[in-house]
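*Asks:* Have a look at this fold, sequence not included:
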Ligand SMILES: Cc1cc2nc3c(=O)[nH]c(=O)nc-3n(C[C@H](O)[C@H](O)[C@H](O)COP(=O)(O)OP(=O)(O)OC[C@H]3O[C@@H](n4cnc5c(N)ncnc54)[C@H](O)[C@@H]3O)c2cc1C
Ligand SMILES: Cc1cc2nc3c(=O)[nH]c(=O)nc-3n(C[C@H](O)[C@H](O)[C@H](O)COP(=O)(O)OP(=O)(O)OC[C@H]3O[C@@H](n4cnc5c(N)ncnc54)[C@H](O)[C@@H]3O)c2cc1C
Ligand SMILES: Cc1cc2nc3c(=O)[nH]c(=O)nc-3n(C[C@H](O)[C@H](O)[C@H](O)COP(=O)(O)O)c2cc1C
Ligand SMILES: Cc1cc2nc3c(=O)[nH]c(=O)nc-3n(C[C@H](O)[C@H](O)[C@H](O)COP(=O)(O)O)c2cc1C
Ligand code: FES
Ligand code: FES
């Protein structure tokens, strides 16, 4: 918050839904959103308003950008993959073709891409894989060897296995119940994969617990983890300070930083995983401006 | 409120919209609502919920029942005629066939029908004519001579001219701008009509100002006025006390009575028109329990 | 009466009973909210009002009252304003007609009483007690969120002294085994101090919350929308304020700052989940008000939704959920002397 | 600066200018709400922040603050709860970085300052005054709706004495021609008494309202949803409370109980019509807060909607609409002695 960030361009568009289809447990929506499609990079997200002007649901819902097509028959499109978990996402998955949705984006920082062609492993949990295929293509364009791990509770909660095979050099699938691929967690297969490919970077997107374990494993196996987090966000554009997480800065100091503008992608080893407990994050005692005893 | 009313049956149904069409400035909707269709009588109304569970619009919107068909291909139907004036009515007119709406009804008291076959004049202002055609048929079945006056600001705000010609013995149309029928107000043509037909009852439904002048004219020309009022209603079922109006009871005393259960049809000469000023109604000083100076 | 009925309308999957004190046990915690359900007959067309834990009637005063002019309501985002002005038939008509009718259909009744002075409250309570249908009364709600004429119309519930005086006088008029509930206003700087004053003056429980003072301007006419200028804000919009008020008072009880008494929660409940929020914050019973205008079956629907939710969560007794969000249980409720002597 | 800019971003159909006092004239009445717009750079990606009458920054305290743990927000019907805990960079970083940036893009700034003690407020005001970008400051908003450590964390704005002390100290630190606005909490029994105390202590205006204290229970986890347990309720849900508070204070001014000063309205504004409600109740300027989270262009959109609405209604001067719902105009505002002497 101290230094005004560089002015990255961002758009607000009323987008037409031109396609929506069920994919396993998820809904895959294609929105006509030319400006956002033009500006976005992998790892960024969009925020959709829920309901109309008279809706009791004021806050936007955030979704990773799965894919953009900067031009096409309808103008540029943006695709998202939505898991209906509550009223907001249920409203979004209920949109029919030609319905309009209000979209703001692209938001947040993209996945940093290595300057050298180092091997990379991409790990997606559930719909967390959505932004990774696009990232995989960009990495391979730069000459990186790219392997992907897709994990989920069960087969219907895997997203993009076919697309993964198309866009990566190797794909490993895990499910908790063994309904597809290896029975178990992504963390069971990740160590070997890093070692085998000599990966320099592990990219992760999925539940917090998974991101934490990816970070641990990457660290132990000599790779850098870049993880895209999900924090509850009221604004998505950096003005409300609700989406903060304790993250260590370049100066070694922990601050509560906004995951919507300084994230959602963070270097895994910078995140203070020790402060998390379920969906609650404490302010670590050594954080800048942390409450002092008897103080605020 | 003092004595519990007789327990008239009322239903709450989730009704499918099976037809919706534009009629001049209005939208005419047909709802599958078998229970309400079975119970309703002319002059009663239904109350529709607006939006879904997450809607910020909590209160129902009331509409006169235009017509019921107690049985049919789809089961009994209820028809209403809606003028889109605000967010609630805009939502309702935007419903497409097969959409569901939550309906409560039939509510309120029906138009009282004379036991003798006396001539009647029915006066409808704008969509206020909606409940009158059904009433006209019932009156004619009882041998009454029925004439109707339809008035509106302009031709597109008239409702049911063709239907009126079918269901009545005579029809007079007035518009403020002369775009159809006589240029002027219903009050211009009403006195002659009462005198000519020897009407014993004048039924009215429309804006408050019109109902007041119908009452005055009927009184001066020896007829009883039965008018259906529109007051802002929070519940429509008699539990909130928001829809009250000052009305003189059988005992000659004025009380603030609930127009949703003791109305919407009142004998015109019982309504304390002197207490109204636009959409505000004062409590007359002589009303039962009126605030005393220095008191409540 | 409450006792005879306490096995009816319960659920065999879970014990929903609620103890209001003095042996008044309700079969379940759901109630109507005063002024949002009239006096029973209207809602009885939609559901059997004896299915509710208790039926709370519209606040009644000594004499018949016309209430205020119209408009009396304005719709607001996820809520509404009302300014009814306590229209009602007066306590004589209430005990003659409304209460016997409620008794006749087997409802357990929590009459809500109001007054413009503490003596009016006392008179209303005394008349109520003398009613031939008094056996249907499981408790009395004292609506102290109404204007005190003696104090420039300041509502009683904004002042601990005025609140305590009303409660003490009402307490005197009613049999000791009829619990009285002080209904508090959220429009105060510190609701725990008002709660404490009421309990100390003899309130056997607290109902929270009444409406928030609000206002809507009609921007077409450029004047206040309501005939009464200001009005009471209710509905889901205010639920977070209700939850907070209940939480704070329950917390004060846990800390020993207020004697432990049951809290009846009210404010913005529309679903079983909403009711559970109030219960987890500390409410032993829940009233459904404005949501009834949206859905006349709301009070029973919420009861069924709440029951299903609790069963799904594996609870066996409703009483285990009361205040559960505080983590720690409350100190035991001391048994009043006269209750012990009756045992 | 304000004067130079007052002809920019106005509308040639209507005079939208707002006089905050001491020659600080804003080109229009629309503002951001503190804490709902950060310090400008983020929203400047969506619209030119100098188009607003003024930009209100996030409340800043003496030192950097981490704020509270998460979750920091909960969605509620037509609103939300937040418990940020005044996270911020501290006043030194603010005057070094944020204020100069706002000045550089031509914004008129109404910095919001906060403190845990009255001396902290004074220190923050003094540091602000010393800023090289102080010329961009058209006034200072004093957020007294924050906890007073000296008084068991009771918020200053709940106590007239504590409020007055903060205002008097801040007033001393700032040049006489920089108006200060006391931002009031609605969580009080009588907001007019706090308003009166602030104005008497030297506030040149009032901002109303801050959030209402509220709470949400997470019914899955059966514990308070927010890391900070309670939070501030904001959004359209609370608009009727804001309108009422503005109305009451304006009424008290009309009756001579509070000296006449401008009111900045805030609370639940989402559309131009909503803004007009606050203005008609008595607000000379309007802030848009939570609605910005729904629509990052909301502050300028509301400005355009309000302008169109006023033009449609035939108004030629915005100032004619202020308080219009009261019918009668306010008594003339006395010109302060030092203002007259400057003329
Ligand atoms: C950067 C980012 C990217 C995301 N990408 C995707 C995606 O690609 N696909 C997808 O299905 N979901 C994604 N999510 C999660 C999605 O935003 C939530 O599932 C959604 O907000 C839940 O809204 P709801 O109304 O259905 O649920 P509710 O639980 O009713 O929501 C209540 C409130 O909590 C917030 N909330 C609840 N769960 C989450 C969550 N997991 N993350 C953030 N806020 C939450 C909501 O925004 C809302 O404000 C992403 C979240 C973030 C922050
Ligand atoms: C007994 C009865 C019968 C009615 N019959 C019809 C009909 O057949 N066709 C038709 O088009 N309209 C009818 N109305 C009017 C209709 O209910 C209102 O136009 C509608 O409620 C406006 O809702 P809104 O959200 O569109 O407007 P808004 O003005 O935004 O409504 C705001 C609030 O004011 C109330 N309100 C506004 N105007 C009226 C009004 N005229 N009467 C009652 N409440 C109002 C609304 O219910 C809502 O609570 C009837 C009203 C009543 C009471
Ligand atoms: C139209 C209306 C009338 C009310 N009348 C009374 C009343 O007479 N006595 C009372 O104690 N509360 C009264 N209330 C307040 C409710 O009982 C309840 O405390 C409040 O509305 C909050 O609950 P809700 O959000 O579920 O409506 C009234 C509320 C409404 C909306
Ligand atoms: C996330 C958030 C943070 C806020 N931070 C502050 C703050 O730092 N200082 C302050 O005076 N008000 C703060 N507020 C209150 C707003 O400025 C405003 O008074 C309140 O939200 C009501 O307006 P609204 O309904 O338009 O949001 C904050 C509100 C929100 C929602
Ligand atoms: S979501 Fe508002 S600052 Fe990140
Ligand atoms: S609308 Fe509620 S009593 Fe008539």
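*Replies:* In hand now; what should we look at? If you're wondering where the values come from, they're calculated on a predicted model, not measured in any experiment. Residues are numbered from 1 along each chain as shown, chains lettered A, B, ... in the order given. Ligands and ions are numbered 1, 2, ... in the order given.

*Asks:* Run a quick neighbour tally on residue 209.
*Replies:* No chain was given, so I picked chain A. Using other CB atoms under 10 Å in any protein chain shown, residue A:209 has 14 neighbouring residues. In short, each C-beta sits where N, CA and C put it, glycine included.

*Asks:* Chain C is the one I meant
*Replies:* Neighbour tally, residue C:209, other CB under 10 Å: 28.

*Asks:* can stretch C:256-268 be found next to chain D?
*Replies:* Yes: Stretch C:256-268 lies within reach of chain D by CB under 8 Å from any CB of the partner chain, at residue C:268.

*Asks:* Name the residues of that stretch that are buried.
*Replies:* C:258, C:259, C:261, C:262, C:263, C:264, C:265, C:266, C:267, C:268 (16 or more other CB atoms under 10 Å in any protein chain shown).

*Asks:* so how far is ligand 2 from the third one?
*Replies:* Put plainly, it is residue C:261. 38 Å (CB to the nearest ligand atom, to the nearest Å).

*Asks:* go on, residue A:47?
*Replies:* Residue A:47 is 29 Å from ligand 2, where distance means CB to the nearest ligand atom.

*Asks:* Surely that residue is in a helix?
*Replies:* No: counting by DSSP: H, G, I helix; E, B strand; the rest coil, residue A:47 is located in no helix; its state is strand.

*Asks:* Am I right that it is in contact with residue A:61?
*Replies:* Yes: shown here, residue A:47 and residue A:61 form a contact pair, counting by CB atoms under 8 Å, at 6.8 Å.

*Asks:* what would the buried residues of stretch C:256-268 look like in TSV with secondary structure, distance to ligand 6 and pLDDT?
*Replies:* Shown next, in TSV, are these (DSSP: H, G, I helix; E, B strand; the rest coil; distance: CB to the nearest ligand atom, whole Å; pLDDT from 0 to 100):
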residue	secondary structure	distance to ligand 6	pLDDT
C:258	coil	36	97
C:259	coil	38	97
C:261	coil	33	97
C:262	coil	30	97
C:263	strand	28	98
C:264	strand	23	98
C:265	strand	24	98
C:266	strand	18	98
C:267	coil	20	98
C:268	coil	19	98
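
*Asks:* Tell me the one of these nearest residue C:225?
*Replies:* Nearest to residue C:225 among these is residue C:268, at 21.1 Å by CB to CB.

*Asks:* which ones are touching that closest one?
*Replies:* Counting by CB atoms under 8 Å, 6 or more residues apart in numbering or on different chains, residue C:268 touches C:79, C:234-240, C:242, C:274, C:290-291, D:77.

*Asks:* and with 7 Å instead?
*Replies:* C:235, C:236, C:237, C:238, C:239, C:242, C:274 (CB atoms under 7 Å, 6 or more residues apart in numbering or on different chains).

*Asks:* Where does pLDDT dip in chain A?
*Replies:* Within chain A, the ranges that satisfy pLDDT under 70 run A:1-8, A:293-296.

*Asks:* can you tell me which residues contact the residue of it found nearest chain B?
*Replies:* Residue nearest to chain B within chain A: residue A:56 (3.7 Å; CB to the nearest CB). With contacts defined as CB under 7 Å, 6+ apart, residue A:56 is in contact with B:54, B:55, B:56, C:77, C:78, D:77, D:78.

*Asks:* returning to that earlier point: pick the one among the buried residues of stretch C:256-268 closest to residue C:195.
*Replies:* For these, the nearest to residue C:195 is residue C:258 (5.6 Å; CB to CB).

*Asks:* now the closest one: how far from ligand 5?
*Replies:* For residue C:258, the distance to ligand 5 - CB to the nearest ligand atom - is 38 Å.

*Asks:* Residue C:270 now?
*Replies:* 27 Å.

*Asks:* Now do the SS call for that residue.
*Replies:* Per three-state DSSP, residue C:270 ends up coil.

*Asks:* Point to the residue nearest the middle of chain A.
*Replies:* With distances taken as CA atoms, centre = their mean, residue A:228 lies nearest the centre of chain A, 4.3 Å away.

*Asks:* so that one makes contact with residue A:43?
*Replies:* Yes: between residue A:228 and residue A:43 there is a contact under CB atoms under 7 Å: 5.7 Å.

*Asks:* thinking again about what came up before, how about the nearest residue to the residue of chain A closest to chain B, chain neighbours excluded?
*Replies:* Among residues not flanking residue A:56 along the chain, residue B:56 sits closest, at 3.7 Å (CB to CB, 6 or more residues apart in numbering or on different chains).

*Asks:* Check the offset of the helix or strand residue C:167 falls within from the chain's centre.
*Replies:* Using DSSP states H and E, residue C:167 maps to helix C:160-173. Here helix C:160-173 is found 17 Å from its chain centre; the criterion is CA atoms, centre = their mean, to the nearest Å.

*Asks:* so what does the helix or strand just after it touch, helix or strand wise?
*Replies:* On the C-terminal side of helix C:160-173, the closest following helix or strand by DSSP H and E is strand C:180-184. Contact here means 3 or more CB pairs under 7 Å, 6 or more residues apart in numbering or on different chains; DSSP states H and E; on that basis strand C:180-184 packs against strand C:140-143, helix C:160-173, helix C:191-200, strand C:205-208.

*Asks:* ChimeraX command for the buried members of the contacts of residue A:56?
*Replies:* Command for ChimeraX that selects the buried part of the contacts of residue A:56, burial taken from 16+ other CB under 10 Å:
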select /B:54,55,56 /C:77,78 /D:77,78
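
*Asks:* Relative to residue D:25, which of the contacts of residue A:56 is nearest.
*Replies:* For the contacts of residue A:56, the nearest to residue D:25 is residue C:77 (33.1 Å; CB to CB).

*Asks:* wait, isn't that closest one in contact with residue D:237?
*Replies:* Yes: with contacts counted by CB under 7 Å, residue C:77 reaches residue D:237, the gap being 5.6 Å.

*Asks:* Identify the contacts common to those two.
*Replies:* Residues touching both residue C:77 and residue D:237 comprise C:237, D:78, with contact defined as CB under 7 Å, 6+ apart.

*Asks:* now what about stretch A:212-227, what contacts it?
*Replies:* Residues outside stretch A:212-227 that contact it (CB under 7 Å, 6+ apart) are A:111-112, A:123, A:187, A:190-191, A:194-195, A:199-204, A:211, A:265-269, A:271, A:273.

*Asks:* let's see 8 Å
*Replies:* Here stretch A:212-227 has contacts from A:111-112, A:121, A:123, A:185-187, A:190-191, A:194-195, A:199-205, A:211, A:265-269, A:271, A:273, A:276, using CB under 8 Å, 6+ apart.
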